[in-house]
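**Student:** 3D, please:
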Amino acid sequence: MEDLTLPATNRSILGKKTRFLRRQGITPVHLFGHGLESQALQCDTANLQRIIAQAGMSRLISLEIEDDKRPRAVFIREIQRDTLTGQPLHVDFYQVKKTEKIRVDVPIVLIGEAPAMREKGRSLLRGVTSLSIECLPDKLPPQIEVDLSHLEEAEQAIFVRDITLSPDIRVTTDPDQLVVKVSEARVEVEEVVEESSSCRRGS
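**Tutor:** The predicted structure is shown next:
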């Protein structure tokens, strides 16, 4: 998987005046971190949007700040967007140390096809859509894939405890939480019962 790199420059324009930056295609950002003094930065909006689309809130980014000798390892902590256009107004980055474990919510992605879904009248019931995990930054997966091919019968389910990850990753989500389940529709059966009851009343 390719490394995500985002150039940034120091920012002297603060407060309400940052709207002038946005008109020039520049988005104000902030860099935070444990034991780190907050730093006002700015990024090219087009580059920033591309990184946001690829990284989400759970992928490591190399933030290259002008005059810095080394890039900073960061995650996106918060994105403020325009309510009408969806354009980013401000982004907060959080710097991590590659030797210190972090806790992150990683999205769950369903892959494959459940054989049980080949029968009519069945649906997939979703539970949790992300896992809370703890690991070193360079061990963090961008997503957690759950294979549906093991679901061969109705009412079969996959729980958090059924997901196998690297020994370097500790899952903090409740292991009994449901991830996905094949559910059998019962609407037709209920309708038949109601019709039978009506016939008995009429007779």
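**Student:** now the strands for the protein?
**Tutor:** Secondary structure of the chain (DSSP state E): strands at 4-10, 26-33, 39-44, 61-65, 72-81, 88-95, 102-111, 122-126, 130-135, 144-147, 157-159, 170-171, 178-184.
**Student:** Mind putting those strands into TSV with mean neighbour count?
**Tutor:** The C-beta positions use only the backbone N, C-alpha and C, and glycine is treated the same way. Listed next are the strands of the chain as TSV, based on neighbours: other Cβ atoms under 10 Å:
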stretch	mean neighbour count
strand 4-10	17
strand 26-33	20
strand 39-44	18
strand 61-65	18
strand 72-81	17
strand 88-95	18
strand 102-111	16
strand 122-126	13
strand 130-135	18
strand 144-147	15
strand 157-159	17
strand 170-171	15
strand 178-184	18
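**Student:** May I see the ones you listed arranged in a markdown table, with mean pLDDT and distance to R19 as well?
**Tutor:** Below are the strands of the chain laid out as a markdown table (pLDDT from 0 to 100; distance: least, Cβ to Cβ, whole Å):
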| stretch | mean pLDDT | distance to R19 |
| --- | --- | --- |
| strand 4-10 | 94 | 18 |
| strand 26-33 | 93 | 9 |
| strand 39-44 | 94 | 13 |
| strand 61-65 | 94 | 23 |
| strand 72-81 | 92 | 13 |
| strand 88-95 | 94 | 9 |
| strand 102-111 | 92 | 32 |
| strand 122-126 | 91 | 40 |
| strand 130-135 | 94 | 34 |
| strand 144-147 | 94 | 39 |
| strand 157-159 | 96 | 47 |
| strand 170-171 | 96 | 43 |
| strand 178-184 | 93 | 43 |
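**Student:** Would you mind putting those strands into TSV with distance to K16 alongside?
**Tutor:** As requested, those are exported to TSV (distance: least, Cβ to Cβ, whole Å):
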stretch	distance to K16
strand 4-10	19
strand 26-33	11
strand 39-44	14
strand 61-65	24
strand 72-81	14
strand 88-95	12
strand 102-111	33
strand 122-126	42
strand 130-135	35
strand 144-147	41
strand 157-159	49
strand 170-171	43
strand 178-184	45
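**Student:** of all those strands, which lies closest to R50?
**Tutor:** strand 4-10 (8.7 Å; Cβ to Cβ).
**Student:** Lovely, talk soon.
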